[in-house]
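# Okay, here's the prediction I keep looking at, along with the sequence it came from:
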Amino acid sequence: MAKRVLIAIDDSENASRAVSLVAETFDKDTEIILLSVLPKMVAACELNEPTLTAHFKAEQSLFCQVEGHKENLLGQALEQARQRLVDAGFSEDNISAYLAKQKSGIAKDIVSKAEELGADIIVMGRRGLSGLKEFFLGSVSHKVLQLCKDRSVLLAQ
């Protein structure tokens, strides 16, 4: 069984199922890494180009507000996941949580963090996109599967 598990979470029901899967399936002495990647909205928040439309400039502060709200939601999701694992019998000392700002792409950032921290497996929820949307947009879980070459990925339904 894996000794170091990275659970990639957001504030979705799918992520909650991934945490539950780990809580119910993995040994209680497993080291758990909780990771949320904050989407890169700050770029739109910080734009200051003279070519921007007046409408965009007027609404620009909303991007900053959305990012702050998303950061709060992800922080709460991390805390709820940590508490769910502790309630299931995992030691608080074996649970670490990271809220990382997106650097290159959410999937790439998840895989990079797993490599950096030596995770044996990545556990995450599968997105519930329709077949057509998933075909055109892809999903973070699908991209993680494609990017992972040296570790396993477990998707929770």
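That came through, no problem.

# Which stretches in the protein count as strands?
Secondary structure of the chain by DSSP state E: the strands cover 4-8, 31-38, 95-101, 121-125, 152-156.

# how about the residue nearest to residue 157 when sequence neighbours are not counted, what does it touch?
Nearest in space to residue 157, with sequence neighbours left out and distances taken as C-beta to C-beta, 6 or more residues apart in numbering, is residue 126 at 6.0 Å. (Glycine included, C-beta is placed from N, CA and C.) Applying C-beta atoms under 8 Å, 6 or more residues apart in numbering, we find residue 126 in contact with 14, 139, 141, 155, 156, 157.

# Kindly reformat the strands of the chain as CSV containing mean pLDDT, mean neighbour count and distance to residue 86.
Shown next, in CSV, are the strands of the chain (pLDDT from 0 to 100; neighbours: other C-beta atoms under 10 Å; distance: least, C-beta to C-beta, whole Å):
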stretch, mean pLDDT, mean neighbour count, distance to residue 86
strand 4-8, 97, 25, 14
strand 31-38, 95, 23, 10
strand 95-101, 95, 15, 7
strand 121-125, 95, 25, 17
strand 152-156, 93, 17, 19
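
# can you list the weak-confidence ranges in this protein?
Along the chain, segments meeting pLDDT under 70 span 1-2, 41-68, 127-138.

# now the helices for this structure?
13-25, 42-46, 54-87, 106-117, 131-137, 140-147 (DSSP state H).

# buried residues in the last one?
Under the neighbour-count criterion of 16 or more other C-beta atoms under 10 Å, helix 140-147 has 140, 141, 142, 143, 144, 145, 147 buried.

# circling back to that earlier point, Throw the strands of the chain into TSV and include distance to residue 24, thanks.
As requested, these are arranged in TSV below (distance: least, C-beta to C-beta, whole Å):
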stretch	distance to residue 24
strand 4-8	13
strand 31-38	13
strand 95-101	16
strand 121-125	12
strand 152-156	10
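
# For residue 125, which residues are in contact?
Applying C-beta under 8 Å, 6+ apart, we find residue 125 in contact with 9, 12, 13, 14, 15, 16, 17, 18, 141, 155, 156.

# Which members of those are classed as buried?
Here, 16+ other C-beta under 10 Å leaves 9, 14, 15, 16, 17, 18, 141, 155, 156 buried among these.

# Could you double-check that the first one lies in contact with residue 19?
Which is residue 9. Yes - with contact defined as C-beta atoms under 8 Å, residue 9 reaches residue 19; the gap is 6.5 Å.

# residue contacts, residue 76?
Residue 76 neighbours (C-beta under 8 Å, 6+ apart): residue 11.
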